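# Need coordinates for the following:
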Amino acid sequence: MNRISRRIGGIAESATLAVDAKAKALKAAGEDVIGFGAGEPDFPTPPHIVDAAIAACRDPKNHHYTPVGGLPELRSAIAVKTKRDSGFDCTAANILVTNGGKQAVYNTFATLLDPGDEVLVPAPYWTTYPEAIVLAGGVPVEIATDVRSGFRVSLDQLEAARTPRTKALLFVSPSNPTGAVYPPDEVEAIGQWAVEHGVWVVTDEIYEHLTFDGHEFTSVATAVPDLADTCVILNGVAKTYAMTGWRVGWMIGPTDVATAANNLQSHQTSNVCNVAQAAALACLEPQGAFYCFPSFEGVMGRTIAGRTIDSSMVLADVVLSEAKVAFVPGEAFGAPGYGRFSFALGDDDLGEGLTRLATLLS
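Below you'll find the predicted structure:
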């Protein structure tokens, strides 16, 4: 009998968090490390949000259990924010507030998938998605994209990958790790394809406000209204509001999906921390991803610091050891030979980190 279940024993550690932990350990040891690994802003949460959390700590009502699905006022604010920012109509009944975006991802796939159901996953992908699908009993079906296609999947690729077991498509724009943004016509075409074939769309919109150079975010649920009954939107406060450590995310779906996911969460974690929810409420009421994904094809096969670079995994280890620059290797995202660099850093660190990298690889 196995000491660790096959289901949990087969989970790989998050590569992004592993790189970040190694970089922080080197910093703690006195090394001058530039970290491009973790997908988080390097500036603090805005003061008014912190002030709201402090006030919430002092309010006795936040010292007790609250509804699993989220504070009613936060769920209402999320509905308003979603209509304002992406044009999608929803109500509090469609919303489940989760312990960060990762729980929203897991809850969604656990709620939608039966054993053997397939999920189309365009690659490169965020390292957590396949693990959540497998944990839910599903089968991730990777669809490769590359720089020639702008890291965007085509309708022909989706159709070629579709089988009678296809339950859902994972759609992410702006993308982690590539930073790719799908133009509105492609978003609409993909949504229409999903409706035509009865395929659910799980769309992660957490980078909706982070676009550059004229590229604009388009919500697939808004572009294709007929998709509303077979679409789940994932989002949270982590990236836009510099709140990665507060752990507040959410999922928006049809009421039967939201209710089932709420039931699941009632046995997992109960409600999200009330103080963190109060902070999220403070950031939502006012009012493409920060990654680049370069190819290291030209480095493969070279010897650097006495090591043969035969993968971006090896390269990342050499770069961290020799240049004290941390990035996440492409293998973590289903894209060997590439690397993900988060540029949510100050200008001085950006310049210094890239200079170190260029010096080592020149």
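# Leaving out sequence neighbours, find the closest residue to Arg307.
Val318 (5.5 Å; Cβ to Cβ, 6 or more residues apart in numbering). (Glycine included, C-beta is placed from N, CA and C.)
# Surely the one you found touches Thr303?
No. Shown here, Val318 and Thr303 do not form a contact pair, counting by Cβ atoms under 8 Å, at 10.0 Å.
# what touches both of these two?
Taking Cβ atoms under 8 Å, 6 or more residues apart in numbering as the contact rule, the neighbours common to Val318 and Thr303 are Ile309.
# average pLDDT across the one helix or strand Phe341 maps to?
For Phe341, the enclosing helix or strand under DSSP states H and E is strand 339-342. Averaged across strand 339-342, the pLDDT comes to 81.
# Number the residues from 136 up from this point.
Understood, numbering begins at 136; the last thing we discussed is strand 474-477.
# So which bits of it are buried?
Residues of strand 474-477 classed as buried by neighbour count (16 or more other Cβ atoms under 10 Å): 474-477.
# Provide the strand pairings for it, with the direction of each partner.
strand 426-427 (antiparallel), strand 463-464 (antiparallel) (DSSP bridges).
# contacting residues around the first one?
So the one you mean is strand 426-427. Applying Cβ under 8 Å, 6+ apart, the set of residues contacting strand 426-427 from outside is 174, 310-314, 475-478.
# Same list, those, but as JSON lines with distance to Ser140 please.
Putting the contacts of strand 426-427 into JSON lines (distance: Cβ to Cβ, whole Å) gives the following:
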{"residue": "Gly174", "distance to Ser140": "29"}
{"residue": "Ser310", "distance to Ser140": "32"}
{"residue": "Asn311", "distance to Ser140": "29"}
{"residue": "Pro312", "distance to Ser140": "29"}
{"residue": "Thr313", "distance to Ser140": "33"}
{"residue": "Gly314", "distance to Ser140": "36"}
{"residue": "Arg475", "distance to Ser140": "30"}
{"residue": "Phe476", "distance to Ser140": "35"}
{"residue": "Ser477", "distance to Ser140": "33"}
{"residue": "Phe478", "distance to Ser140": "39"}
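# any low-confidence regions in this protein?
Applying pLDDT under 70 to the chain flags residues 170, 172-178, 421-425, 478-480, 482.
# How are the helices of it distributed by residue range?
Chain-ordered helices for the chain, with DSSP state H as the definition, fall at 141-144, 150-163, 182-193, 207-221, 235-247, 263-270, 290-296, 319-332, 355-358, 390-403, 409-419, 447-458, 482-496.
# export those helices to TSV and tack on mean neighbour count and distance to Thr346?
Listed next are these as TSV, based on neighbours: other Cβ atoms under 10 Å; distance: least, Cβ to Cβ, whole Å:
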stretch	mean neighbour count	distance to Thr346
helix 141-144	9	37
helix 150-163	17	21
helix 182-193	15	23
helix 207-221	18	12
helix 235-247	24	18
helix 263-270	21	21
helix 290-296	13	23
helix 319-332	18	12
helix 355-358	24	15
helix 390-403	17	28
helix 409-419	23	19
helix 447-458	20	26
helix 482-496	15	19
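# Could you list the domains of the protein?
Under the assignment automatic domain parsing, the domains of the chain span 141-174+425-496, 182-419.
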